[in-house]
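> Here you go, sequence then predicted model.
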Amino acid sequence: MRMDFDKADRVGRKGFTMPLTKEEILHYHLGGKVGLRATKPLASVRDLCLAYTPGVATPVREIRERPETARRYTAKSNLVAVATDGTAVLGLGDMGPEAAIPVMEGKAVLFKAFGDVDGWPVPLDRCRRNGANSGPTDPQRVIEAVAAIAPMYGGINLEDIAAPACFEIEDQLDEMLDIPVFHDDQWGTAVITLAGIRNYAQLCERELSELDVVVNGAGAAGIRIAEMLKAAGIRSVLLCDSRGVVRTARDDLTAKKREHAVDTPHATLAEALRGRHVFIGVSVKDALTPDAVRDMADYPAIFAMANPDPEILPETVREIMGDRPYVMATGRSDYPNQINNVLGFPFLFRGALDVNASRIDMAMKMAAADALAAVAREPVGADVRALFPDEELVFGPSYLIPKPFDRRLFVAVPHAVAEAAVASGLAEPAELTGYRERLDQRNASRQDLA
C-alpha cells in the first residue's frame, strides 16, 4: 500500500486504526529484511572440510557428470529469484532497480513466511533501451540477464516490470528456461481474482459462463485477468483502458490489447457496465462512479483493486446498494475481501518446486484459484479468527477469499498445483506419492505463522 508520510497514515474501518509513521517504517527496514541462513553446521574442522575444500569437490564433479543433481546437492530446489528492473514499483511507477530493493526483499520475506520458499532479491541494472537506468525497458536485456543467473535458481519470480515489456520477457523466458517463470504482477492478481469470482458465482447462483464482466485497466494485471476469466469459461469479458472500451473500431491498440478487442457499440466504461454483473478494477482512484454502480445488474460484484485508493470506496457502494445484495472486494488490507497476491505466489511456487515442474502453466494457475476458493468455503480456525476479531469469517459476501495466515493454504494450494503439473505433463507422477503427507508434516513444523 502506498502511503503519504507528511503525517502518520491511518488505515482502517469500524474504529480500527493502524498508525504507521515514516520513522517507524524506516527503522523496521534498517539493515534490510533478508539475510543468509546456513542450513548445515560449521562448528568443527570436519564441518569445514565437508562444506568447502576438499569435500565440496565431490558434489561439483557429481553435478558436472549429472546436471540434474544440482537440485539435490544445492539450494536450487527451494530458491527463487525475485527479479526486477524497477520500472513499475508498487503504485510508485519507475523507481529504478536500487530503489526497488525493499520491495524485492519484502517479497522474499513473504515467500519464506507463507510458502517456506527461499526467495532472493535480484535487481537488474542497465536494462533500459539506452543501456542506463532511465527510459523504457529493453526486453532483451532483461531476458539475457535473468537467463544468465538462472542456473542458481529453481524458479524465477518477475516483479515490477512495466508493460508491455513484461509480456515479452515472461513469454521468452518461459520458453528458454526449464524452471518455472512467473510474473506476479500479471498472474498473481489474476489467480486471486478468479478465486473470488468463482465464489461470487456460487453466492449469486450464476454459472461462470453466464457472467458479464468488465475489466477496467488494460495493463499487465488487467490483460492477464481477462485471459484467466476466459480460460475459466466466462464468455463475456469487456476490457477497458483510459480511453474506454478496447474494441475493434479503435486504431490505437497495442498487440496485447488487440487480442481482447471486441466488436461492440459501447465506447465508455459507463456504457460497458450497464446491466453487467461484475466490475474488476486494476486502474485508478474514482474510476467507477456511483451512477455506473446503479446501472449494473442485480447482485453485482465490484472488485475495486486500485491501490492505495480504490476505483470506488466500499462505503460509497454500501450507501448506494442499501439492503440489496452485492459483493465488494479491494486491494487493501483494511477492508474485507482483500485481493492480495500473497495468497498466490508462495503457494504456487511451493507446489511447482516440490514436484520439479518445468513451468507454471494455465492449468496450474487455475488449480491454485480453485483451491483458494475452496478453502474460503470451509470453516475458519480459531487461530485465524483471533487475528481478525472485527470480521465474521464465514463464507459469504464479506468473506470470499481466505486470509493469507490460514495455514491450510500451505497444503491445499501447493497440492492442487502439483496435481495440475503432473496432469499437464510438466512433472513426473511419482513426485505426487506421499506429497500431501509431506506438506502436512512440513506445515506442522513451520514456525513462521505460529
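Right, received. Where do you want to start?
> tell me the SS of Val213?
With DSSP: H, G, I helix; E, B strand; the rest coil as the basis, Val213 sits in strand.
> Setting the sequence-adjacent residues aside, check what's closest to it.
Spatial nearest neighbour of Val213, chain neighbours left out: Val278 (4.3 Å); criterion: C-beta to C-beta, 6 or more residues apart in numbering. The way it works is simple: take the backbone N, C-alpha and C, and place the C-beta from them, glycine included.
> For that neighbour, list the residues it contacts.
The neighbours of Val278, taking C-beta atoms under 8 Å, 6 or more residues apart in numbering as the test, are Ile197, Tyr200, Leu211, Asp212, Val213, Val214, Pro300, Ala301, Ile302, Phe303.
> Tabulate these (TSV), appending neighbour count, pLDDT and distance to Ala70.
Listed next are the contacts of Val278 as TSV, based on neighbours: other C-beta atoms under 10 Å; pLDDT from 0 to 100; distance: C-beta to C-beta, whole Å:
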residue	neighbour count	pLDDT	distance to Ala70
Ile197	27	98	40
Tyr200	25	98	44
Leu211	23	98	45
Asp212	19	98	49
Val213	24	98	43
Val214	24	98	46
Pro300	24	98	51
Ala301	27	98	46
Ile302	27	98	47
Phe303	29	98	41
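> Return the closest of those residues with respect to Val413.
Ranking those by separation from Val413, with C-beta to C-beta as the measure, puts Ile197 on top at 17.0 Å.
> Help me confirm that that closest one is found in a strand?
No. Applying three-state DSSP, one finds Ile197 to be helix, outside a strand.
> Break down the stretch 151-300 of the chain into its helices, ranges please.
In the stretch 151-300 of the chain, the segments counted as helices under DSSP state H, counting those that start in this stretch are 165-176, 184-203, 220-231, 255-258, 269-273, 290-294.
> quick one: contacts of the third one?
Which is helix 220-231. Helix 220-231 is contacted by residues 88, 163, 166-167, 183, 185-187, 189-191, 193-194, 197, 213, 215-216, 237, 239, 241, 256-257, 259-260, 280, 282-283, 362, 365-366, 369 when judged by C-beta under 8 Å, 6+ apart.
> I'd say Leu439 and Val413 touch.
No. Using C-beta atoms under 8 Å, Leu439 makes no contact with Val413, being 9.8 Å away.
> for this structure, which residue is closest to the average position?
Nearest to the geometric centre of the chain sits Gly188, at 2.4 Å (C-alpha atoms, centre = their mean).
> if I pick that one, what's in contact with it?
Counting by C-beta under 8 Å, 6+ apart, Gly188 touches Phe182, Asn341, Gly344, Phe345.
> 6 Å instead, please
Asn341, Gly344, Phe345 (C-beta atoms under 6 Å, 6 or more residues apart in numbering).
> Identify the spatial nearest neighbour of it, chain neighbours not counted.
Asn341 (3.6 Å).
> Quick one: neighbours of that neighbour, just the number.
For Asn341, the neighbour count with other C-beta atoms under 10 Å is 20.
> Which pLDDT value does the model give it?
pLDDT recorded at Asn341 is 94.
> And Met18, by the same measure?
Value for Met18, per-residue pLDDT: 62.
> same deal with Arg13?
What the model reports as pLDDT for Arg13 is 43.
> sorry, back to before: tell me which of the contacts of Gly188 fall in helices.
With helices taken from DSSP state H, the overlap with the contacts of Gly188 comprises Phe345.
> From the contacts of Gly188, pick the one nearest Ala382.
Closest to Ala382, out of all of those and judged by C-beta to C-beta, is Gly344, at 25.1 Å.
> ok, that closest one to Thr189 distance?
Distance of Gly344 to Thr189, given as C-beta to C-beta, to the nearest Å: 8 Å.
> Neighbour count: these two, which is higher?
When Gly344 and Thr189 are compared for neighbours, Gly344 comes out ahead with 29 against 25, by other C-beta under 10 Å.
> Quick one: the strands in the stretch 301-450 of the chain, in order.
301-304, 327-330 (DSSP state E, counting those that start in this stretch).
> Show me what the last one is packed against.
Using 3 or more C-beta pairs under 6 Å, 6 or more residues apart in numbering; DSSP states H and E as the contact test, the elements touching strand 327-330 are strand 301-304.
> Mind doing that once more with 8 Å?
With contacts taken as 3 or more C-beta pairs under 8 Å, 6 or more residues apart in numbering; DSSP states H and E, strand 327-330 sits against helix 184-203, strand 301-304, helix 314-321.
> would TSV of those with distance to Val394 be doable?
Below are the helices and strands packed on strand 327-330 laid out as TSV (distance: least, C-beta to C-beta, whole Å):
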stretch	distance to Val394
helix 184-203	12
strand 301-304	18
helix 314-321	18
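> if we compare these, which one ends up closest to Phe349?
For Phe349, the closest of the helices and strands packed on strand 327-330 is helix 184-203, at 9.9 Å, according to C-beta to C-beta.
> Just to check, Ala190 is in contact with Met366?
No. Under the criterion of C-beta under 8 Å, Ala190 makes no contact with Met366, lying 10.1 Å away.
> Look at these two and report which has more neighbours.
Taking other C-beta under 10 Å, Ala190 and Met366 do not tie; Ala190 has more neighbours (29 against 19).
> can you tell me which residues contact the more buried one?
Ala190 neighbours (C-beta under 8 Å, 6+ apart): Ala221, Arg224, Ile225, Glu227, Met228, Lys365.
> okay if I get those residues as a markdown table plus distance to Pro290 and neighbour count?
Listed next are these as a markdown table, based on distance: C-beta to C-beta, whole Å; neighbours: other C-beta atoms under 10 Å:
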| residue | distance to Pro290 | neighbour count |
| --- | --- | --- |
| Ala221 | 24 | 26 |
| Arg224 | 29 | 26 |
| Ile225 | 24 | 30 |
| Glu227 | 30 | 19 |
| Met228 | 29 | 23 |
| Lys365 | 34 | 25 |
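> Distance from stretch 38-52 to the middle of the chain?
37 Å (C-alpha atoms, centre = their mean, to the nearest Å).
> Start and end of it, how far apart?
13 Å (C-alpha to C-alpha, to the nearest Å).
> what does it contact?
The contact list for stretch 38-52 (C-beta under 8 Å, 6+ apart) reads Gly55, Ala75.
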